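Chemist: Quick one, structure for this:
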Amino acid sequence: MMKNLIIKLRKSDNFSQEELAKKMGISRPTLISIEKGKRDITLGELKKISEIFDIPIQIILDKDSSLEEKVDSQSFTKQAFTKFQNLVLQCIKYGVDEDGKITKTKLAKLVYLCDFASYYNFLKPISGFEYRKLAQGPVAIQFFDIVDENESICVESKGRSMMISLNEQPTKGVLDGNEEKIVKSVCSKWKGKNTKAIVDFTHDQIPWKVCKDGEVIPYTLINSEAPENVY
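Modeler: You can find the predicted model right below:
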């Protein structure tokens with residue numbers, strides 16, 4: 001439903017309800033009513049959402065299936081979800097800075113790079129989840145639910161950034177040996193580098209360049225990259 005899409009997009013850019021309402025030119029109570037499904041969104045407000053998150057309206061209002069329906073219609077097995085969840089946790093474990101924390105945006109990019117690097121090397125991603133071209137870079141929509149709802153993950157605000165750390169270590173054995181090697185390799189390369197650097201890197205990759213805003217990024221596109229540009 002549209003309300004869930006707005007919530008997920010808002011969280012993806014770390015906007016509070018107050019901040020997004022201000023950008024849309026509406027009151028916070030009005031936005032709350034939209035997010036709760038108690039009030040329909042107007043065309044003008046929809047255009048604002050399109051502008052704020054840089055997603056064309058035609059993508060949001062796809063006649064065959066809306067973006068939110070496409071997200072929710074993906075049928076993932078419990079095993080696939082567990083692997084994706086563990087991938088996120090492993091990226092936190094190996095990707096944090098010396099203070100034991102990592103920005104939410106950088107974490108999302110590490111997860112993306114690991115999945116696509118696995119496909120590049122073995123023609124099989126770690127999770128198989130769909131990644132979309134959103135304003136801050138490629139991301140799986142389910143990433144935000146896992147970060148916000150998993151008790152193993154600690155989320156705290158630091159200005160406009162959301163800082164992520166682990167409350168407990170990820171379960172061993174969920175990822176196989178090759179998958180763990182990829183996670184460690186990707187995180188090792190980007191450890192200590194700032195968020196902007198990894199965002200710029202993913203924006204310069206072929207998968208990002210050839211896809212339209214809001215579009216699912218096919219894993220096969222990573223095979224067109226030179227080895228040094230995979231991650």
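
Chemist: Need the nearest residue in space to the residue nearest the centre of the chain, chain neighbours excluded.
Modeler: Centroid check for the chain by CA atoms, centre = their mean gives Val139 as the closest residue, at 3.0 Å. Leaving out its chain neighbours, the residue that sits closest to Val139 by CB to CB, 6 or more residues apart in numbering is Ala108, at 4.7 Å. The way it works is simple: take the backbone N, C-alpha and C, and place the C-beta from them, glycine included.

Chemist: Quick one: residues contacting the one you found.
Modeler: Applying CB atoms under 8 Å, 6 or more residues apart in numbering, we find Ala108 in contact with Gln136, Gly137, Val139, Ala140, Phe143.

Chemist: Could you pull up phi and psi at it?
Modeler: Backbone dihedrals for Ala108, given as degrees, to the nearest 10, come out at phi -60, psi -40.

Chemist: again with Cys154
Modeler: Given degrees, to the nearest 10, the pair of backbone angles that Cys154 has is phi -100, psi 130.

Chemist: residue contacts, it?
Modeler: Ile164, Ser165, Leu166, Asn167.

Chemist: just to revisit the earlier point, do you know how far the residue nearest to the centre of the chain is from Pro227?
Modeler: Separation of Val139 from Pro227 (CB to CB, to the nearest Å): 24 Å.

Chemist: before we move on, the earlier item: tell me the bridge partners for the residue nearest to the centre of the chain.
Modeler: Val139 has these beta-bridge partners by DSSP bridges: Arg132.

Chemist: State the next helix or strand along the chain beyond the helix or strand of the chain with the lowest mean pLDDT.
Modeler: None of the helices or strands of the chain scores lower by mean pLDDT, DSSP states H and E than helix 67-73, at a mean of 43. Later in the chain than helix 67-73, the nearest helix or strand by DSSP states H and E is helix 78-95.
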